[in-house]
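Colleague: okay, predicted coordinates and the sequence, questions at the end:
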Amino acid sequence: MTAKKSFLTGEDLKMCFSLFCCVYGIGTLGMPGNYARAGYAWATIALVLMAAINVYASWCMSKVMMVAPPNVLTFGDLGEWSMGCFGRYAANISQMLVCVMVPIMFLVLGGSILTILFPYSFADSTWIIIMGVTLLPVCLIPTLKEGAGAAAAGALGTVMADAIAVGVLVYNVGSANDGLSAPTPDLSFKQVSTVFGNLALAYGAGIVIPTLQREHSDPSRMPRIIVVTLVIVSTFFLIVAVTGVYEVGCQIPGNLLFAIAGTKLGFVADRGAVALAMLFMQLHISVAFAVVMFPAFYIAERIFLGMHKTKIDRNLRMDAKPLDGSNHLEGTDAVLEEDRRDVEYPHHEAAAEYASTGAYVKAMVVRTIMVVIAVAVAVAWKDKFGELLDFVGASSTATSCMILPLAFYLKTFWRTLSGTEKAAAMFCLIVSVFFAIYVSIVTGETLFGKDAPAGPNFPYCKADFRDIVYTNRSHYKN
């Protein structure tokens, strides 16, 4: 008789921790800003809906990985196995965009942080270039295996930065608003819908699930790990959002760190606390930059240098069900889940490829060019961090972590799904596609268009509260 396993084993907890560390990043900085745009009711509905869709989409990706052949190791491999050439290109392009655009946001945020930490030194553009140079050596390491230690440092940095920023905000604004009520936003469909971009960015779990699942000795436990972890992450998101917006209302800036760094909210925070919050977030950026860029390096080396080649057998399913719905697989023996690790596939050792003549030098050139491009784009868009955040979330992150996993799941299991689950999956897919397109267009107009004149200090509020912080009693008394 087989011993019953606990709800989460020690290995499961390691996977939970790694997934938490990968998801809980800079997307948290915009959580209070979501409530500033959409108010408590709509922002909470959006958060719960997006949490449900992302948990389900991530669960779907794990389910598809469970029936894919053992040599399906990356998101692009999964796309090709599920939908052929189209799936491969859709997965690779969307993942490439995520893994390049997110580091660009790291550079923009890092440049702003260093300007605040070291005033009267360099401009933010110079700091962005310096960051690119200092982070490049790590990016040139041939392989970077995911480690819980590095991920833990990055996640701890974000948690501490959020905690300090929220604490500073509540302490300083709370002492000035006794007897006052925080203003509510001036709601509009555009304002509420753009919350989707930040929430999609925050739930970027899809790009790491294939790797984590292949590392687990019992992949069948991954769906539970994903659900438990993302529910905990969603709880953290809700705490940061509600606590951050409670004292300030619609006047909270789109970036939580910027809320405590300046004087827009009518207070000057203790510089030590501000510096500590900034340093913790800079820690996260320094750790996460190379980790997020590495999948993009891998894809680029496969496309431009012909490295990391693999062959995907689209006729093989590990649950003994053929992809075409027939009763047998011609020329291929179906393998049950418990025997999947006995299937013979040539072992792919990425490190060995870089040892061949000239391979590492070529890879180094490709990687350097990609980092240079990221730095150039970061300098060009340094003044549009909020729009960049929402655009990346709504476009590439939503595609790779929500839309494609749902599409792959429906394609793989369509014949065996119940009508209820088909309807639920289609609803999630349609909602994700609609908001991804709409928010990408709205934020893209601002991001790629001409610079608009400076707007009010608090653009999400009603007219009376758009320029002066609501705790300024003398202004509103008159």
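Modeller: Alright, I've got the coordinates.
Colleague: can you list the buried residues in stretch 45-58?
Modeller: Ala46, Leu47, Met50, Ala51, Ile53, Asn54, Val55, Tyr56, Ala57, Ser58 (16 or more other C-beta atoms under 10 Å). Every residue, glycine included, has its C-beta placed from N, CA and C.
Colleague: quick one: low-confidence parts of the protein?
Modeller: The model of the chain has pLDDT under 70 over residues 1-4, 143-151, 319-351, 450-453.
Colleague: how about CSV for the buried residues of stretch 45-58, with distance to Thr471 added?
Modeller: Shown next, in CSV, are the buried residues of stretch 45-58 (distance: C-beta to C-beta, whole Å):
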residue, distance to Thr471
Ala46, 27
Leu47, 27
Met50, 31
Ala51, 32
Ile53, 37
Asn54, 36
Val55, 38
Tyr56, 41
Ala57, 41
Ser58, 41
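Colleague: and those, which is closest to Tyr298?
Modeller: Ser58 (21.0 Å; C-beta to C-beta).
Colleague: Thr115 reaches Phe122, doesn't it?
Modeller: Yes - using C-beta atoms under 8 Å, Thr115 is in contact with Phe122, at 7.4 Å.
Colleague: so those two - more neighbours on which side?
Modeller: Comparing Thr115 with Phe122 by other C-beta atoms under 10 Å, the one with more neighbours is Thr115, at 20 against 14.
Colleague: OK, contacts around that one?
Modeller: Ser121, Phe122, Ala123, Asp124, Trp127 (C-beta atoms under 8 Å, 6 or more residues apart in numbering).
Colleague: the third one - nearest residue in space that isn't next to it in sequence?
Modeller: Distances taken as C-beta to C-beta, 6 or more residues apart in numbering put Thr115 closest to Ala123, at 7.2 Å, once the chain neighbours are dropped.
Colleague: in what helix or strand does that neighbour lie?
Modeller: Taking DSSP states H and E as the definition, Thr115 sits inside helix 75-117.
Colleague: relative to Ser94, how far out is Leu404?
Modeller: Distance of Leu404 to Ser94, given as C-beta to C-beta, to the nearest Å: 6 Å.
Colleague: do Thr28 as well
Modeller: Applying C-beta to C-beta to Thr28 and Ser94 gives a distance of 22 Å.
Colleague: I figured Val366 hits Ile303, correct?
Modeller: No - in this structure, Val366 is not within contact of Ile303 by C-beta under 8 Å, at 9.4 Å.
Colleague: looking at the two, which is more packed in?
Modeller: Val366 (16 against 13).
Colleague: is it true that Ile287 touches Leu156?
Modeller: One thing to correct before we go on: residue 287 is Val, not Ile. No - with contact defined as C-beta under 8 Å, Val287 does not reach Leu156; the gap is 9.6 Å.
Colleague: neighbour count winner among these two?
Modeller: Val287 (22 against 16).
Colleague: can you tell me the SS state at the closest residue to that one other than its chain neighbours?
Modeller: Among residues not flanking Val287 along the chain, Gly154 sits closest, at 3.8 Å (C-beta to C-beta, 6+ apart). Under DSSP: H, G, I helix; E, B strand; the rest coil, the three-state class of Gly154 is helix.
Colleague: measure Gly154 to Ser418 for me?
Modeller: 40 Å.
Colleague: same question for Ile113.
Modeller: Taking C-beta to C-beta, one finds Ile113 at 49 Å from Ser418.
Colleague: pick out whichever of those two has more residues nearby.
Modeller: Between Ile113 and Ser418, counting by other C-beta under 10 Å, Ile113 is the more crowded of the two (24 against 8).
Colleague: now the more buried one: closest residue in space, sequence neighbours ignored.
Modeller: Closest to Ile113 by C-beta to C-beta, 6+ apart is Met278, at 4.7 Å.
Colleague: dump the residue contacts of the one you found.
Modeller: Met278 neighbours (C-beta under 8 Å, 6+ apart): Ile113, Ile116, Leu117, Ala161, Leu257, Ala261.
Colleague: closest to Val231 out of the residues you listed?
Modeller: Ala161 (22.4 Å).
Colleague: what about that closest one, helix or strand, and which?
Modeller: helix 148-174.
Colleague: buried sites along the next helix or strand after that helix?
Modeller: Heading C-terminal from helix 148-174, the first helix or strand you meet, by DSSP H and E, is helix 189-193. Neighbour counts over helix 189-193 (16+ other C-beta under 10 Å) mark Gln191, Val192, Ser193 as buried.
Colleague: in TSV: the residues you listed, plus distance to Leu238.
Modeller: What follows is the buried residues of helix 189-193, written out as TSV (distance: C-beta to C-beta, whole Å):
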residue	distance to Leu238
Gln191	20
Val192	17
Ser193	20
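Colleague: between those residues, which sits nearest Ile373?
Modeller: Ser193 (30.3 Å).
Colleague: just to revisit the earlier point, out of the contacts of Thr115, what pair is the most spread apart?
Modeller: Farthest apart among the contacts of Thr115 - using C-beta to C-beta - are Ser121 and Asp124, which lie 10.5 Å from each other.
Colleague: who has more neighbours out of those two?
Modeller: Ranked by neighbour count (other C-beta under 10 Å), Ser121 and Asp124 place Asp124 first, with 20 against 10.
Colleague: you'd agree the more buried one is up against Ser112?
Modeller: Yes - between Asp124 and Ser112 there is a contact under C-beta under 8 Å: 5.8 Å.
Colleague: which neighbours do these two share?
Modeller: Residues touching both Asp124 and Ser112 by C-beta under 8 Å, 6+ apart: Lys382.
Colleague: quick one: end-to-end distance for stretch 207-220.
Modeller: Its start and end residues considered, stretch 207-220 measures 19 Å (C-alpha to C-alpha, to the nearest Å).
Colleague: mark which of the contacts of Thr115 are part of helices, please.
Modeller: Asp124, Trp127 (DSSP state H).
Colleague: Throw the contacts of Thr115 into a markdown table and include distance to Ile239, thanks.
Modeller: Below are these laid out as a markdown table (distance: C-beta to C-beta, whole Å):
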| residue | distance to Ile239 |
| --- | --- |
| Ser121 | 35 |
| Phe122 | 35 |
| Ala123 | 35 |
| Asp124 | 30 |
| Trp127 | 31 |
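Colleague: what's the closest of the contacts of Thr115 to Cys21?
Modeller: Trp127 (25.6 Å).
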